Every structure is written in C-alpha cells, then in structure tokens.
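A.B. asks: What follows is a predicted structure for the sequence shown.
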Amino acid sequence: MFYRESGQFKSSYAADSAILTIAQDRLFIAALLALAFVVLPGLGSDYLLSGILIPFLILSLAALGLNILTGYAGQLSLGSAAFMAVGAFATYNFMLRLPGMPLLLAIFLGGLSAALVGVAFGLPSLRIKGFYLAVATLAAQFFIEWVFTKFGWFTNYSSSGVITAPPMQVFGIAIDTPASKYLLTLSIVALMALAAKNMARASIGRAWMAIRDMDVAAEVIGIPMLRTKLLAFAISSFYCGVAGALYAFVLLGTVDAQAFDLHRSFQVLFMIIVGGVGSILGSFLGAAFIVLLPICLNLLGQAFHGAISTQFLANLEMMLFGGLIIFFLIVEPHGLARLWQIAKEKLRVWPFPH
C-alpha cells in the first residue's frame, strides 16, 4: 500500500508527461542517485569501484546504444564492439595528434567518429533487413577489427598493437583514482541515459518504433526511412563509441583491437535480450546480470573450497547465459525490465487482487 498514486493529481500537461509520474518513483531515483554519487565514491572499496561498478556502467552504456538501434528502431546489429573500437581508437588519436585537447572533447569526437562509421555501415539497412542486415553489421565487426590490427597508424605504430591512455584530466582535476574514474563514468552514463530516455519519448523515438513495428506503414504515413534509420545507426554508434572510449581510457588504460572482438558484440547483445529489448532500464539490468553472474559463480566456487573447478564454472556460465536467453525469448521477450514492471503494477494494487 506504500506504492500508490492515490491523492497525486496531475493538473498540467508537463506533470502528465513527466518521466517519473509517481512521487515514490522520484524519491527512489533521488535516493539511488545520492547513493551512487555521494555514498559509493566515499565508502566503496577500490575493487567495488574498478572491478564491478565501472565495468557495469560502461557495458550499460554500450547496451543502451544497441537498444536504441535494435530495441527501438528494430534494426539488428552484431557490430557493437566494432563501433566501441572506433570510439576508443579515435579518442586515442585525437588526444595524440592534437596535444592539449580536453578529455571530454576527445571522447565526444571519438563518439562522432563512431557515429560516422555507423552511418556508413547502416546504409544497407535501406534495402535489407532482418538476418541480412545482421550479416552486414557482422561484416563491419570483422572489417573494423582488421583495419585497427593491420594499419599501424591507428596505434601510433606500436609493435604490439596496443594503445595506452595518457594521463587524464577534466577541468584541471586529475582522473587517476578509482573514485574519480567512477564519478566521471557515472556522470557521462547518467546524462546519456537521460538523453536516451527523452529521445525514446520524443517524436524521433516514436518514428523509430513505427519503423520497428511496420516499416511500410511508417513510410506511408510520412516517416522518412533514410533519415530515421541512419539517425538510429548514428546515435547508437555514438553511444557505443563513447562506451568504447571509456572502456579503453577509464577501465583498462591499455587496450588493443582484440578487446573489441565478436565476443564483446555478443555480450552486449545478450545484455539487451536478458535485460529487455526496447527498454532503457533493461540495458542496466542486463549489464548488471552479465557483470555479476561470473562474480557470483566465482564466490560459489570459493565456498566449496575448490571442489568445483574453474573450467566447470566457466562452462556453467555459458550454459546459464544460453539457457536464460532461450527462457526470456520464449517466456518473457521483454526481459528483466518487464518483470520489474509487472512487480510495480502488482505493488500498486497490493494487497487487493484487482
């Protein structure tokens, strides 16, 4: 009974169209943001910040990008990791070739570079769709990975093909501790998640969903196919490019093209399937599941004092991933986000059955 909107009246259009229409939701989000921005940086351990929260936030951002393209616009993609690689290598080269460039500007330009590459590989979506479009984006994955491995200019002719992040500063503040890296990543992800939520609710989001549901009908009612589809590829690739830059600069520090291989693309795809296709919240829930499941399995192995081999746990992880993907595709195609929504709907009428 504590989760009710009884007595909460909406007397304006702005109040009726707000992202969070119930006061309890606003309080929950405010408490969550206070926990994320104030409590965790001060009290969280280095392992919690660097080993769990930063990977979770970066992968959530990549899943957001893929969800915009696949979940909202209905365009299948298997090249998310390739666009992450473009963002990472472009950011590195902007900071290397243009000394003194601010970090945030370099990340932004890296995202724009990924958006341009995404538009180039999104052009086939005007003629093909479904499985054939997925194959086209898969070609982008292999081609971009080959380019960064073959041509040494992108890695500053490093013999090992590895790029190393330079010392980072934002507004004169050194980003060299786990807490500062976490706050930088959290700030970027929070702003971009809010932007994605507003885009999904705006006219462009409705155009994406119209194309996803029935592209012929969307074109008949006047939605421009060329601009709308390419905009979805551009924005999706921009999000993935920023995630790739954060992955290389904030999380790892040194990275090569093999870090953005096909496995990474499938990992991002699994996130939106488990978390929920076409859901902003689902991107975060899916990323949390992907990040926490291996940690929980390792803790399980330690609890049995080595009785369970690490090889078995690794195979068990893949089995759980596959089983859950099949489960969600059959039982609940909208993933964990839909289960959370159902729980909220039940709370709104609890303890009454109707």
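C.D. replies: Received, thanks.

A.B. asks: Can you show me the helices along the stretch 151-300 of the chain?
C.D. replies: Remark: helices assigned in the stretch 151-300 of the chain by DSSP state H, counting those that start in this stretch are 178-201, 203-213, 215-220, 225-246, 262-275, 280-303.

A.B. asks: most packed of those helices?
C.D. replies: The highest mean neighbour count among the helices of the stretch 151-300 of the chain, using mean count of other CB atoms under 10 Å, belongs to helix 225-246: a mean of 26. Every residue, glycine included, has its C-beta placed from N, CA and C.

A.B. asks: how far is that one from where the chain is centred?
C.D. replies: Chain-centre distance of helix 225-246: 12 Å, with CA atoms, centre = their mean, to the nearest Å.

A.B. asks: and it, what other elements does it pack with?
C.D. replies: The elements that helix 225-246 packs onto, with contact taken as 3 or more CB pairs under 8 Å, 6 or more residues apart in numbering; DSSP states H and E, are helix 54-66, helix 80-97, helix 103-122, helix 178-201, helix 203-213, helix 215-220.

A.B. asks: looking at the ones you listed, which is closest to Ser159?
C.D. replies: Of all those, helix 80-97 sits nearest to Ser159, with 16.2 Å by CB to CB.

A.B. asks: so which of the helices of the stretch 151-300 of the chain comes closest to Ile52?
C.D. replies: Nearest of the helices of the stretch 151-300 of the chain (CB to CB): helix 280-303, 6.4 Å.

A.B. asks: right, and the helix or strand after that closest one?
C.D. replies: helix 310-330 (DSSP states H and E).

A.B. asks: Report the buried residues of the following helix or strand past that following helix.
C.D. replies: Downstream of helix 310-330, the first helix or strand assigned by DSSP H and E is helix 335-349. Under the neighbour-count criterion of 16 or more other CB atoms under 10 Å, helix 335-349 has Gly335, Leu336, Ala337, Arg338, Trp340 buried.

A.B. asks: How far away from the center of its chain is helix 335-349?
C.D. replies: That offset, for helix 335-349, works out to 22 Å (CA atoms, centre = their mean).

A.B. asks: Can I get that helix in CSV, CA atoms only?
C.D. replies: Extracted C-alpha coordinates of helix 335-349, given in CSV (Å, rounded to 0.1, in the frame of the first residue of the first chain):
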residue,chain,number,x,y,z
GLY,A,335,13.3,-9.5,-20.2
LEU,A,336,14.0,-8.4,-16.7
ALA,A,337,12.6,-4.9,-17.3
ARG,A,338,9.2,-6.4,-17.9
LEU,A,339,9.4,-8.5,-14.7
TRP,A,340,10.2,-5.3,-12.8
GLN,A,341,7.3,-3.5,-14.4
ILE,A,342,4.9,-6.4,-13.5
ALA,A,343,6.2,-6.2,-9.9
LYS,A,344,5.5,-2.5,-9.8
GLU,A,345,2.0,-3.0,-11.2
LYS,A,346,1.2,-5.6,-8.5
LEU,A,347,2.6,-3.3,-5.8
ARG,A,348,0.2,-0.5,-6.9
VAL,A,349,-2.9,-2.7,-6.1
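
A.B. asks: Nice, that's everything, thank you.
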